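Undergrad: model the structure of this input:
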Amino acid sequence: MRIGFLGTGRIATNVAKALKDDGHDIIFAVSRSSKFADDLGSVPHFTLLPDRDVMASVDLVVEAASPGAVEAFGVDILKASDLCVLSTTALRNAELEQRLTAAQASLGHKMTLLSGGIVAIDALRAVGRDLVSIEIETTKPPRMWGIEDHSEIKVLFVGSTRDASTLFERNVNVHATLAYYSLGFDRCQSRLVSDPNTGSLTQRLKVRGEDFGWDLELFSTPIGGVSGSLTPRMTIQTVREILAQK
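TA: Have a look, this model is predicted:
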């Protein structure tokens, strides 16, 4: 398959290398930095989407850049190919979500939200109509929240996932993905915790229906920036599954 990328950071590079090793072709990378292209060899690099002919030649574009990239390029990508989105907090913008949904319906291409560091998305989608509540908690050390060090545990936010996605757009993509595939950004509840004594990124998920429910806790090692070590692994596997269905 022929694949394009938005973003050239750690996650994008890891995914691109894995897909290249699988035998797929990396056709272009869009970002403000050319580091990705240097790491993978002769990958054409752009600061904006390439021309129509190049876009028409790809089977899938993987976004691992920023919510702003989804807003700027998402609809245009869906005019040409399928799209995988890692910066899912972009969909806190209801108008953008509507435009992306309409583009899929009218153009026949599919957008998939990548799960990042969480599991059980399929289970959520299966019981979506019967859900009563979802609570998501993320705990990280202060540096991963981008705040100054402190000595005691701090609760940074409690409220709707839509508000969490606005205030902490780089940190809560897991929350946004869960909300999108379940009760929506306004009904899902987010809790964000900064713990100076932890060396892990921990996600806790509490799902409830009238006669069912489950609790999950996942942890991973920080790998720089805002991501944990589960994110590239799970992103690679999801993209592989999408490509296998084409």
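
Undergrad: confirm residue 76 sits in a helix?
TA: Yes - under the criterion used here (DSSP: H, G, I helix; E, B strand; the rest coil), residue 76 sits inside a helix.

Undergrad: residues contacting the closest residue in space to residue 169 that isn't next to it in sequence?
TA: For residue 169, the nearest residue in space outside its immediate sequence neighbours is residue 89; the separation is 4.3 Å by CB to CB, 6 or more residues apart in numbering. Where C-beta positions appear, they are placed from N, C-alpha and C, glycine not excepted. Under the criterion of CB atoms under 8 Å, 6 or more residues apart in numbering, the contact partners of residue 89 comprise 67, 165, 166, 168, 169, 170, 172, 173, 175, 176.

Undergrad: so which one among the residues you listed has the lowest pLDDT?
TA: Looking at the contacts of residue 89, model confidence by pLDDT dips furthest at residue 170: 91.

Undergrad: how about the contacts made by the residue lying closest to it once chain neighbours are set aside?
TA: On the basis of CB to CB, 6+ apart, the spatially nearest residue to residue 170 that is not a chain neighbour turns out to be residue 226, at 5.1 Å. With contacts defined as CB under 8 Å, 6+ apart, the neighbours of residue 226 are 140, 144, 146, 170, 171.

Undergrad: state the pLDDT value of the last one.
TA: Confidence per residue is given as pLDDT, and for residue 171 that number is 93.

Undergrad: so how far is residue 245 from it?
TA: According to CB to CB, to the nearest Å, residue 171 and residue 245 sit 31 Å apart.

Undergrad: ditto for the third one
TA: For residue 146, the distance to residue 245 equals 37 Å [CB to CB].

Undergrad: do the fourth one as well
TA: The spacing between residue 170 and residue 245, counted by CB to CB, is 30 Å.

Undergrad: those two: which has the busier surroundings?
TA: Looking at residue 170 and residue 245 with other CB atoms under 10 Å, you find the greater number of neighbours at residue 170, namely 15 against 6.

Undergrad: before we move on, what SS does that one have?
TA: Relying on three-state DSSP, one would call residue 170 coil.

Undergrad: can you check residue 32 too?
TA: For residue 32, the secondary-structure state derived from three-state DSSP is coil.

Undergrad: ok, it - how many residues close by?
TA: Using other CB under 10 Å, the number of residues around residue 32 comes to 9.

Undergrad: next one: residue 206
TA: Taking other CB under 10 Å as the definition, residue 206 ends up with a neighbour count of 16.
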